[in-house]
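Novice: What follows is a predicted protein model with its sequence.
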Amino acid sequence: MDEIGELGEMLPVPGEPRVLHVDVCQDPCSTVKAASIKEHVKRLFHKRECPLGDMKLTEFNDEFLTEHVKCIEVTDSEFEDSTQSPNLSSITVEVHVYQVHKGGPAQEDLDEEEELAAANHWLLPSSDFQGMWENLIFDSHIKRELLQYASTTLLFSDCNVDSNIITWNRVVLLHGPPGTGKTSLCKALAQKLCIRMSDRYSYGQLIEINSHSLFSKWFSESGKLVMKMFQKIQELIDDSDALVCVLIDEVESLTSARKSAMSGSEPSDAIRVVNALLTQIDQIKRYPNVLILTTSNVTGAIDLAFVDRADIKQYIGPPSPEAIFKILHSCISELMRAGIISPPQQLLDLKALKMMNFVKNELTSLSLMLRQIAIESYGLSGRTLRKLPFIAHATFLQSSKVGLEKFLSALDLAVKKQFSDRNDLEKD
């Protein structure tokens, strides 16, 4: 589908001060003002007590931070790969203080007889999505670029840029094969935006529309229930202190229905349902505090009228061997933290292995073993890769504690089993 493109690399403007974003999760029992926490956090960086690359801190020498802060995180830092420490005078440290809302999503039911909920509704930042952004691994700077897009979208709205002169629709479309993390990325982006925009918006809302429920038995009601759902969304948008993100997962199930209806294979009422959806999207996108996030597994089935509405059309593909290595590396680190892989042993990252020219020795042998497993895993989805450590343990180990080398051997067997099972399914 030629209309689907990719984001280009967004580079810092020469001469412009670089920004280090620091996200601070305030303790739920703390009642101090965010300004006080920001002052203490900035001191950490000006004293150079924190690295400038990606990091997470949960313990502090500062008694104030120990009492009022759960963790401090720096993610997607442009300084992560720097070989030299930049001059702090050329860096703007922006601190974002937030508290998470606990509890799962509420369900929006528009029809008492309908078994499927029309939408799930979260208050943001939510404990359900805590850590999701940091654990999503992609081959390029997709996360940073999407965050920059969303920030610019909201900035243009806040500055009252004339949309008749410069057009933007506040619609993002992530497309690609299943299991590549598109839905998780949308949820994580909504969460991260609420954190980064905490000075502008008091809280956030995430509404995940259940696309399949719109095409169950609602044809007889045409677009009425679609409009009813968006009326509820409109009530949330009317609160200017809230950032509202609307997530439509597998959007092709909506837009392809109009194609089928026009060809005569679906009821004509499906056209009115989809048209109602597109009309409502056109209406709510005019509000400055809303962002529409959509995903698709089958881009060829998406109605071009919807594709044209998307500002960003980003392909999310299967992870490369390099990304797979990072995913498996993070999984193994978690199992070491939990004490299942014991004793803990150092695993080098790819940057360190490259500096050592991938030469095998006592220090690098296990890390190179993991790299080979990552190469052999190419073709597996991110969703499958996250399951591999569990499958390796459940199928080949069954021990409360296991050494790293033995676990890596089991992981290698689990990868081979995945491809063997896939071949067996294709034969059926």
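Specialist: Cool, the structure landed.

Novice: Not counting its own residues, what contacts whichever strand or helix holds residue 56?
Specialist: Taking DSSP states H and E as the criterion, residue 56 maps to strand 55-57. Counting by C-beta atoms under 8 Å, 6 or more residues apart in numbering, strand 55-57 makes contact with 50, 71-74, 134, all of which sit outside it. For every residue, glycine as well, the C-beta is placed using N, CA and C.

Novice: let's see 6 Å
Specialist: For strand 55-57, the external contacting residues (C-beta atoms under 6 Å, 6 or more residues apart in numbering) are 71-74.

Novice: can you check stretch 350-361 too?
Specialist: Applying C-beta under 6 Å, 6+ apart, the set of residues contacting stretch 350-361 is 325, 364, 367-368.

Novice: Which one (most neighbours) among these?
Specialist: Most neighbours among the contacts of stretch 350-361, by other C-beta atoms under 10 Å: residue 325, with 24 neighbours.

Novice: Which single one of the contacts of strand 55-57 is nearest to residue 183?
Specialist: When the contacts of strand 55-57 are compared for distance to residue 183 (C-beta to C-beta), residue 73 comes out closest, at 22.2 Å.

Novice: contacting residues for the closest one?
Specialist: Contacts of residue 73 (C-beta under 6 Å, 6+ apart): 23, 56.

Novice: what about it, which SS state?
Specialist: strand (DSSP: H, G, I helix; E, B strand; the rest coil).

Novice: how deep is residue 328 tucked in, by neighbour count?
Specialist: Residue 328: 24 neighbours (other C-beta under 10 Å).

Novice: re earlier: which one of the contacts of strand 55-57 is nearest residue 425?
Specialist: Nearest to residue 425 out of the contacts of strand 55-57 is residue 73 (C-beta to C-beta; 39.8 Å).

Novice: Roughly how far does the closest one sit from residue 195?
Specialist: 9 Å (C-beta to C-beta, to the nearest Å).

Novice: Mind telling me the two of the contacts of stretch 350-361 farthest from one another?
Specialist: 325 and 364 (13.3 Å).

Novice: give me the element residue 415 is part of.
Specialist: With DSSP H and E as the criterion, residue 415 is inside helix 404-427.

Novice: As a check, name the ranges of all strands in the protein.
Specialist: 18-26, 55-57, 69-74, 91-98, 106-108, 119-124, 171-175, 203-209, 242-248, 290-296, 312-315 (DSSP state E).

Novice: Could I get the average pLDDT for the first one?
Specialist: Strand 18-26 comes out with an average pLDDT of 90.

Novice: mind listing what it pairs with, with the direction of each?
Specialist: Strand 18-26 pairs in its sheet with strand 69-74 (antiparallel), strand 91-98 (parallel), by DSSP bridges.

Novice: pLDDT below threshold where in the stretch 51-200 of the chain?
Specialist: By pLDDT under 70, the weakly predicted segments of the stretch 51-200 of the chain are 51-53, 76-90, 110-116.

Novice: Quick one: the helices in the stretch 51-200 of the chain, in order.
Specialist: For the stretch 51-200 of the chain, the helices defined by DSSP state H, counting those that start in this stretch cover 63-68, 132-135, 142-158, 182-196.

Novice: The stretch 201-350 of the chain too?
Specialist: Here the stretch 201-350 of the chain has its helices, by DSSP H, counting those that start in this stretch, at 224-237, 252-263, 269-284, 304-307, 321-337, 350-355.

Novice: Those helices: which one's closest to residue 377?
Specialist: Nearest to residue 377, of all the helices of the stretch 201-350 of the chain, is helix 321-337, at 5.0 Å by C-beta to C-beta.

Novice: what angle separates that closest one from helix 404-427?
Specialist: Between helix 321-337 and helix 404-427, the angle comes out at 130 degrees (axes from the mean of the first three to the mean of the last three C-alpha atoms, to 10 degrees).

Novice: what is the rounded mean pLDDT of helix 321-337?
Specialist: Mean per-residue pLDDT for helix 321-337: 96.

Novice: Could you list every helix and strand that it packs against?
Specialist: Judged by 3 or more C-beta pairs under 6 Å, 6 or more residues apart in numbering; DSSP states H and E, helix 321-337 is in contact with helix 365-376.

Novice: And the helix it packs on, how far out from the chain middle?
Specialist: Its chain's C-alpha centre lies 26 Å from the corresponding centre of helix 365-376 when counted by C-alpha atoms, centre = their mean, to the nearest Å.

Novice: heads up, I number from 59, so please use that
Specialist: Happy to do that; since the first residue is 59 now, the last one works out to helix 423-434.

Novice: What residues sit buried inside that helix?
Specialist: Buried positions in helix 423-434, judged by neighbour count with 16 or more other C-beta atoms under 10 Å: 424-429, 431-432.

Novice: ok now stretch 479-486, how far from the chain's centre?
Specialist: Distance of stretch 479-486 from its chain centroid, counting by C-alpha atoms, centre = their mean, is 31 Å.
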